[in-house]
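1. generate a structure from the sequence data that follows.
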Amino acid sequence: MILFRYLTREVLLTMSAVAGILMLVIMGSRFIRYFASAAEGDFPVTILGSLMFYHLPGFMELILPLAFFLGILLAYGQLYMNSEITVMVACGMSPTRLLRVTLLPASIVAVMVGLCSLWLTPAGALLNEATIEEQQSRLDVSVLAPGRFQSFGSGRTAYISDFSSDGTEMQEVLVHEQADPDSDNTHSYVTRARTGHQETRVETGSRFLILEEGERYGVTPGRREAERLTFERYTLRLGLSRNRQELDSLEFATTAELWNDPDPRAQAQFQWRAGLPLMVFILALLAQPLSRVNPRQGRFAKLLPAVFLYVAYLSLLLAAVDAIGGGSLPSAVGVWPVHGLFLVLGGLLIWRSQRKGMR
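-> Just a heads-up that it's a prediction; the model follows:
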């Protein structure tokens, strides 16, 4: 029992360190992309935390299998380097028993990956996409940044110099409306106002930008004359307020919906989600014999070949998913031959390790 706890702790601690590093790199890259979009005014900075949180399950389902695979390689490789495996062999430890010890943390990781891939990832992706679509489909005072020209859809661009102290009223507003090529009206309009604010009509859900004390110019490219309108109050209709964006992509469908959908693309998505927990156990079979190194070689001697093996596994899975979605591979066959191939390879490596012993 003491040896079992020791090995499990070593694997999980190493896996946690690797997962933390990978998560930091991937989430940092995603955060930079979202921050750039927020700086452009696509959505307010205040929802960045929610967007990153919604992406977390999708990151976890891909990072945890790789982190667990590398965790076994590094943890057991260090044990070989320190000759601790030699002591375990002298005490009666065999490759089969070591594999049984490895399967418990593999089960924990597989449950976590299954929760993410089968439930949390599609739910988070739906919430993430709905949040972005809702923010991009409406003009909100919180989206606009002073001193910047920002597009807010329908060929409109807005510029404001500042906000009022309570943040509800815009100062020195400039709105440019580009001419619609599909209509007979060839005018482009430039509206300038001293102040402006947004209103929503509760009964209709329509949103309006209310501009006060300004001028509106209508010009046609190539013509010298222009229309000029002076106003005290001008109302510009923005669109309808939406509580939720309806999305029907298979990426956002629940696992139960994919199971009942005979469409090949739905079956490909379902098999991808269901195969990720199985992938954890197969990687455990592959990692244990690959972690065996000579102390003179170093613990990283087989790390690069192992990473190549993982990349090949993942690439074949993705290719099979694409083939099922495209109809070139029957969904009844699916991705399971890929899992079976690497399962057999892991079994052969374990058998070879048992023949040679753990010396």
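
2. for the protein, which residue is closest to the average position?
-> His55 (4.3 Å; C-alpha atoms, centre = their mean).

3. okay, now the unreliable bits of the stretch 51-200 of the chain?
-> Counting by pLDDT under 70, the stretch 51-200 of the chain contains low-confidence residues at 83, 85-86, 89-90, 92-95, 133-144, 152-154, 167, 180-186.

4. would you map the helices across it?
-> Per DSSP state H, counting those that start in this stretch, the stretch 51-200 of the chain carries helices over the ranges 84-90, 95-115, 121-136.

5. please name the nearest non-neighbouring residue to Thr230.
-> Among residues not flanking Thr230 along the chain, Glu215 sits closest, at 5.3 Å (C-beta to C-beta, 6 or more residues apart in numbering). In short, each C-beta sits where N, CA and C put it, glycine included.

6. again with Tyr80
-> Val293 (5.1 Å).

7. can you tell me how far that neighbour sits from Leu303?
-> In this structure, Val293 lies at 9 Å from Leu303, with C-beta to C-beta, to the nearest Å as the measure.

8. if we can go back for a sec, could the helices of the stretch 51-200 of the chain go into a markdown table alongside distance to His339 and mean neighbour count?
-> What follows is those, written out as a markdown table (distance: least, C-beta to C-beta, whole Å; neighbours: other C-beta atoms under 10 Å):
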| stretch | distance to His339 | mean neighbour count |
| --- | --- | --- |
| helix 84-90 | 29 | 15 |
| helix 95-115 | 13 | 18 |
| helix 121-136 | 19 | 19 |
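
9. ok, which of those comes nearest Ser151?
-> helix 121-136 (10.0 Å; C-beta to C-beta).

10. pull the CA atoms of that closest one into CSV?
-> As requested, the backbone C-alpha atoms of helix 121-136 are provided in CSV (Å, rounded to 0.1, in the frame of the first residue of the first chain):
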residue,chain,number,x,y,z
THR,A,121,-16.8,21.1,-23.3
PRO,A,122,-20.0,21.4,-25.5
ALA,A,123,-21.8,23.3,-22.8
GLY,A,124,-18.9,25.7,-22.4
ALA,A,125,-18.5,26.1,-26.2
LEU,A,126,-22.2,27.0,-26.5
LEU,A,127,-22.0,29.6,-23.7
ASN,A,128,-18.8,31.0,-25.1
GLU,A,129,-20.2,31.4,-28.7
ALA,A,130,-23.5,32.7,-27.5
THR,A,131,-21.8,35.4,-25.4
ILE,A,132,-19.6,36.5,-28.2
GLU,A,133,-22.4,36.6,-30.7
GLU,A,134,-24.6,38.5,-28.4
GLN,A,135,-22.0,41.1,-27.7
GLN,A,136,-21.1,41.5,-31.4
